[in-house]
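>>> could you look at this predicted model? Sequence included:
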Amino acid sequence: MNKRGTGVTFIAIASFLFSTRYISAAIYGSSSSNWNEELFNAMLEFIGNPLSICAIFALLIGLAYIVWAEYEEFIIKKR
């Protein structure tokens, strides 16, 4: 796999992790009979921040790989 493919894969992992946090909170609160913003925010706090931190980390790695691939291509074309 080339660097661009690796970068796109890490960005896909980041989007999966980011959406998993919200889906987990929705599943956790599915037994509640009434829904409002405060309840959903409380469920998000219960889920915690590790998924968001991992998603940001994966996004940064993905962007770094894509920038690295573009930089190498720029250097090769410049010669």
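Looks like it arrived, so ask away.
>>> all contacts plus neighbour counts: C-alpha atoms, from now on.
OK.
>>> now the helices for this structure?
Using DSSP state H, the helices of the chain run over residues 3-28, 37-47, 50-78.
>>> gap between the residue nearest in space to the middle of the chain and Cys54?
Nearest to the geometric centre of the chain sits Ala14, at 2.3 Å (Cα atoms, centre = their mean). Distance of Ala14 to Cys54, given as Cα to Cα, to the nearest Å: 7 Å.
>>> save the helices of the chain as JSON lines, and put in mean pLDDT too.
Formatted as JSON lines, the helices of the chain follow (pLDDT from 0 to 100):
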{"stretch": "helix 3-28", "mean pLDDT": "94"}
{"stretch": "helix 37-47", "mean pLDDT": "89"}
{"stretch": "helix 50-78", "mean pLDDT": "94"}
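>>> most tightly surrounded among the ones you listed?
Highest mean neighbour count among the helices of the chain (mean count of other Cα atoms under 10 Å): helix 3-28, with a mean of 17.
>>> that helix packs against which elements?
When contacts are defined as 3 or more Cα pairs under 8 Å, 6 or more residues apart in numbering; DSSP states H and E, helix 3-28 packs onto helix 37-47, helix 50-78.
>>> give the other helices and strands that the first one contacts.
It stands for helix 37-47. helix 3-28.
>>> the helix it packs on: how far from the chain's middle?
Distance, stretch centre to chain centre, for helix 3-28: 4 Å (Cα atoms, centre = their mean, to the nearest Å).
>>> check stretch 24-38 too.
Chain-centre distance of stretch 24-38: 22 Å, with Cα atoms, centre = their mean.
>>> which outside residues touch it?
Outside stretch 24-38, the residues that touch it by Cα atoms under 8 Å, 6 or more residues apart in numbering are Phe40, Met43, Leu44, Phe46, Ile47.
>>> gap between the two ends of that stretch?
With Cα to Cα applied, stretch 24-38 spans 16 Å between its terminal residues.
>>> please apply the same query to stretch 27-34.
Start to finish, the residues bounding stretch 27-34 are 14 Å apart (Cα to Cα).
>>> pull out the buried positions in it.
Under the neighbour-count criterion of 16 or more other Cα atoms under 10 Å, stretch 27-34 has Gly29 buried.
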